[in-house]
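1. Predicted coordinates and the sequence they were generated for:
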Amino acid sequence: MFKKIIFKTLIFCFALASIAQSSESGGMPQLNPEFWVSQIFWLILTFGIMFVVLSKLILPKISKNLETRKSQILENIETAEKQREQSENKIKEYEKLIFENKIEAKNYFNEIRQKVLGDIAKKKQVLDNQIEKELKEVEKEINELKEKAPEKINKIAIETSTDLIKHLIGTEVNNSSISTIVEDISIKNKDKYYGV
Amino acid sequence: MAANPMHQFNVYRIGPEIKLGEVDISFTNASLFMVICSIAILVIFNLGTKKNSLIPDKLQLLAELSYSFVAKMISDTAGSKAKPYFSFIFSLFMFVLFCNMFGMVPYSFTVTSHIIVTFVLASFIFIGVTIIGFIKHGFGYLKLFVPSGVPIVLLPLIVVIEIISYLSRPISLSVRLFANMMAGHTMMKVFGGFVVSLGIIGGWLPLSFSVALTGLEILVAFLQAYVFAILTCIYLNDALNLHH
């Protein structure tokens, strides 16, 4: 501020000095009234025309454009806000949908699993039953066979021994004596043969 | 003659002498630069508003920024009531600014460096503001000269001072602009003369001064236009909102 004042004073001093110097050759042309009226006339004319054209034609255009821009920006902001809200709603909806579907899928999966497990259990049961039944049958058969086996073996043994004796000796031995011997041996060796 | 620093302010006739009755209204170099400034303003602002697109180009931005600058200046100093006078203050600011700036072109003529031009503008503002004040407030406008909260004893003195300061407004307004422009241009001419007279050996110092002064003068050209416009707003504020 101080510097500015000093500078200004300097400028004025110089200006005054130069005016004083030039006053010898006619002084300030500004104070010569020769063309004052002409200057006033042309000032009013040019400034008047410029003022009228500016205020009637150009300035309304600028203010209108500024206003349009302002309203356009406000409108755009409003639209953007609305669209943001919409998109947020959409996201919520989407998340809800996904959540629901997840639950549904889980339920569905569980249901199917339950069903499959049930099916498996049922089939297993059926198979188990069948297997048990068959096992029982087989066991029965085996038992039957087991019971019948010594008798048959004995019979075969008797026949074989009869044949053998016949071949070896050439005489027929009494069947009953052979069978007694065979039965004796078989009873004796029952443990060995059948593992009972 | 060329070394005379006041020579640049000479007004001379261009073309034939035009007389309106007894009065000489010939076209002079001053008139030429008034016409050039007005046309430059109109052309720039016309080009700036031609397209009026949503995203402005350079000239449109210039026009819109000047518009908002002046609009803000008026609403800050004179309030919303001053809106009807916007186009006048805008034209005034632009005219003074362009005249000052065109004056910075070498060998051109500075219209605002003539007391008669600034005085006509200032007295037009003064008369207009006074009329607006009397229309808005009637004789209540005279309360402007009677500040509130002043002791009765001092009142006659204060009223006289207020009236003098009010009446000196057109003079201070016009002389401020005229003297600033004239002083600056004279300074530049003087330093330019020093460059020539000191020659190639000693002329560098005044030349650098001259360069610095050119920058300063461009600042002053803008500042004085701004001051002229803002003082108009302040006077208008007095007339519109009587606060005293």
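-> All right, it came through fine.
2. burial of B:Phe88, as a residue count?
-> By other Cβ atoms under 10 Å in any protein chain shown, 18 other residues sit near B:Phe88. Where C-beta positions appear, they are placed from N, C-alpha and C, glycine not excepted.
3. which non-adjacent residue is nearest it?
-> A:Phe51 (6.5 Å; Cβ to Cβ, 6 or more residues apart in numbering or on different chains).
4. That neighbour: which element?
-> Following DSSP states H and E, one finds A:Phe51 within helix A:36-53.
5. picking up where we left off before, what about the residue nearest to B:Phe88, distance to A:Leu57?
-> 11 Å (Cβ to Cβ, to the nearest Å).
6. what about these two, which has more around it?
-> For A:Phe51 and A:Leu57, the more surrounded residue by other Cβ under 10 Å is A:Phe51, and the numbers stand at 18 against 13.
7. For the more buried one, give me its contacts.
-> B:87-88, B:91 (Cβ atoms under 8 Å, 6 or more residues apart in numbering or on different chains).
8. can you check B:Met188 too?
-> With Cβ under 8 Å, 6+ apart, B:Met188 has these contacts: B:210, B:213-214, B:217.
9. so which of those would you say is closest to chain A?
-> For those, the residue nearest chain A by Cβ to the nearest Cβ is B:Leu213; the value is 8.5 Å.
10. From what I see, that closest one and B:Lys189 are in contact.
-> No: assessed by Cβ atoms under 8 Å, B:Leu213 is found out of contact with B:Lys189, at 10.2 Å.
11. Might you list the low-confidence residue ranges for chain B?
-> Applying pLDDT under 70 to chain B picks out residues B:1-3, B:244.
12. count of neighbours near residue 102?
-> No chain in the question, so chain A it is. 10.
13. not quite, I wanted chain B
-> Neighbours of B:Phe102 (other Cβ under 10 Å): 19.
14. show me what contacts B:Ala229?
-> By Cβ under 8 Å, 6+ apart, the neighbours of B:Ala229 are B:70, B:73, B:89, B:92-93, B:96.
15. who wins for neighbours among those residues?
-> With neighbours defined as other Cβ under 10 Å, the most crowded of the contacts of B:Ala229 is B:Val96; it has 27 neighbours.
16. Doesn't B:Pro56 belong to a strand?
-> No: if the criterion is DSSP: H, G, I helix; E, B strand; the rest coil, then B:Pro56 is coil and not within a strand.
17. A:Ile58: what's it in contact with?
-> B:42, B:45-46, B:49, B:63.
18. Now do it against A:Gly48, distance only.
-> 15 Å.
19. related to what we said a few turns ago, show me which positions of the helix holding A:Phe51 end up buried.
-> Going by neighbour count (16 or more other Cβ atoms under 10 Å in any protein chain shown), the buried part of helix A:36-53 is A:36-43, A:46-47, A:50-51, A:53.
20. ok, residue 187 - how many residues close by?
-> All of this is about chain A. Residues near A:Ile187, counting by other Cβ under 10 Å: 11.
21. looking at chain B here, not the other one
-> 22.
22. do the same with B:Ile132
-> So B:Ile132, with other Cβ under 10 Å, has 19 neighbours.
23. correct me, but it touches B:Asn241?
-> No: the pair B:Ile132 / B:Asn241 is not scored as a contact, 11.5 Å apart, by Cβ under 8 Å.
24. Give the rounded mean pLDDT of the helix of greatest length in chain A.
-> Identified as the longest helix of chain A according to DSSP state H is helix A:59-169. The average pLDDT within helix A:59-169 is 91.
25. May I have the helix or strand following it as CSV, with CA atoms only?
-> The C-terminal neighbour of helix A:59-169 among helices and strands, as given by DSSP H and E, is helix A:175-188. Provided in CSV are the C-alpha atoms of helix A:175-188 (Å, rounded to 0.1, in the frame of the first residue of the first chain):
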residue,chain,number,x,y,z
ASN,A,175,-24.3,-155.2,3.2
SER,A,176,-25.3,-154.9,6.7
SER,A,177,-21.8,-155.7,8.1
ILE,A,178,-20.2,-153.1,5.9
SER,A,179,-22.8,-150.5,6.8
THR,A,180,-22.2,-151.1,10.5
ILE,A,181,-18.4,-150.6,10.0
VAL,A,182,-18.9,-147.4,7.9
GLU,A,183,-21.3,-146.0,10.4
ASP,A,184,-18.9,-146.8,13.1
ILE,A,185,-16.1,-144.9,11.4
SER,A,186,-18.3,-142.0,10.4
ILE,A,187,-19.5,-141.6,14.0
LYS,A,188,-16.0,-141.9,15.2
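26. tell me the mean pLDDT for helix A:175-188?
-> In the prediction, helix A:175-188 has an average pLDDT of 78.
27. and the angle from it to helix A:59-169?
-> Relative orientation of helix A:175-188 and helix A:59-169, computed by axes from the mean of the first three to the mean of the last three Cα atoms, to 10 degrees: 140 degrees.
28. packing partners for helix A:175-188?
-> helix A:59-169 (3 or more Cβ pairs under 8 Å, 6 or more residues apart in numbering or on different chains; DSSP states H and E).
29. now the angle between helix A:36-53 and the helix it packs on, please.
-> Using the same axes, to 10 degrees: helix A:59-169 against helix A:36-53 is 30 degrees.
30. which helices and strands does helix A:59-169 pack with?
-> Against helix A:59-169 (3+ Cβ pairs under 8 Å, 6+ apart) you get helix A:175-188, helix A:190-194, helix B:58-78, helix B:86-103.
31. Relative to A:Leu145, which of the ones you listed is closest?
-> Closest of the helices and strands packed on helix A:59-169 to A:Leu145 is helix A:190-194, at 11.1 Å (criterion: Cβ to Cβ).
32. how close does B:Phe9 get to chain A?
-> Look at B:Phe9 and chain A: by Cβ to the nearest Cβ, to the nearest Å, they are 4 Å apart.
33. tally of neighbours for that residue?
-> Using other Cβ under 10 Å: B:Phe9 sits among 22 other residues.
34. now the one 3 residues further on
-> Here the count is done by other Cβ under 10 Å, and B:Tyr12 has 12 residues near it.
35. That one and chain A: what is the separation?
-> 8 Å.
36. circling back to that earlier point, Serialize the contacts of A:Ile58 to JSON lines and add fields for secondary structure and distance to chain A.
-> Below are those laid out as JSON lines (DSSP: H, G, I helix; E, B strand; the rest coil; distance: Cβ to the nearest Cβ, whole Å):
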{"residue": "B:Leu42", "secondary structure": "helix", "distance to chain A": "6"}
{"residue": "B:Phe45", "secondary structure": "helix", "distance to chain A": "5"}
{"residue": "B:Asn46", "secondary structure": "helix", "distance to chain A": "6"}
{"residue": "B:Thr49", "secondary structure": "coil", "distance to chain A": "4"}
{"residue": "B:Ala63", "secondary structure": "helix", "distance to chain A": "6"}
